[in-house]
Structures are given as C-alpha cells and as structure tokens.
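# this one's sequence-less:
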C-alpha cells in the first residue's frame, strides 16, 4: 500500500511541476512580414494588416507604441520568445521598430 501511495504522490508531483513549470503570454503573429516594414513609410493601418491587433499598446518618449509578442517559458526546456515593438511618428508612419526572437 505504501508503494502505491508513493507512486501516486510522485505522479501528482510530476504533473504539478509540469503544469506550474510552463507559461505562455502573448499571441502568435506573422514574423515573415517584418522585412516589409519601412521607417517613415509604413503606416499604422499597414502594420495592423500585416500583424493584426497588437498584444499591447502604449507610449514611449511621446510616441505611440504597439507590441506584438509571444513568450513561452518552461521549467523543462528552453524559453521561446518572439517580439516586435513598433513606434509611430505623429503622422502615423513607423518611426522605429525592434524585432527579437530566440528561434
């Protein structure tokens, strides 16, 4: 009986560690479109067409900022992160952008 109970506890511990040890934040976006962004030319509407709704929006140094990102952490394997941060000029064109990925 003690062996069965210990096996059940060990199985539960593995299941719990698996569930707690993994987390995903954000959502997928089309990374193959990043090379189509042109500073001073690409508009907010074009960015939205290429990548969809941003995961986060904000303001940095007075410029509207859209963030697209997916972040996956795991206690077992390597973390996988991909993000695109786009800053816009007051006329709605891209001021700058940063794209990073671990893939």
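Arrived safely. Given the structure is predicted, the values throughout are model-derived calculations rather than measurements.

# Which residue ranges of the chain form strands?
Along the chain, counting by DSSP state E, strands occupy 22-26, 56-60, 63-74, 80-88, 94-101.

# Could you tell me the angle between the second one and strand 63-74?
This means strand 56-60. 130 degrees (axes from the mean of the first three to the mean of the last three CA atoms, to 10 degrees).

# Tell me how many other residues surround residue 94.
For residue 94, the neighbour count with other CB atoms under 10 Å is 20. C-betas here are computed from N, CA, C, even on glycine.

# Does it touch residue 41 like I think?
Yes - using CB atoms under 8 Å, residue 94 is in contact with residue 41, at 7.3 Å.

# neighbours around residue 75, how many?
Neighbours around residue 75, by other CB under 10 Å: 10.

# outside of stretch 71-86, which residues touch it?
For stretch 71-86, contacts defined as CB atoms under 8 Å, 6 or more residues apart in numbering pick out 17-18, 20-26, 29, 31, 34, 37, 47, 51, 54, 65-70, 94, 96-103.

# From those, list the buried ones, please.
26, 29, 31, 34, 37, 47, 51, 54, 65-66, 68-70, 94, 97 (16 or more other CB atoms under 10 Å).

# circling back to that earlier point, take the strands of the chain and write them to TSV, including mean pLDDT.
Converted to TSV, the strands of the chain look like this (pLDDT from 0 to 100):
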stretch	mean pLDDT
strand 22-26	81
strand 56-60	96
strand 63-74	90
strand 80-88	94
strand 94-101	97
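
# Among the buried ones among the contacts of stretch 71-86, which one sits closest to residue 87?
Nearest to residue 87 among those is residue 65, at 5.2 Å by CB to CB.

# Show the contacting residues for the residue lying closest to the closest one once chain neighbours are set aside.
Leaving aside its sequence neighbours, residue 65 sits nearest to residue 58 (CB to CB, 6 or more residues apart in numbering; 4.8 Å). The contact partners of residue 58, by CB under 8 Å, 6+ apart, come to 64-65, 67.

# Fine, thanks again, bye for now.
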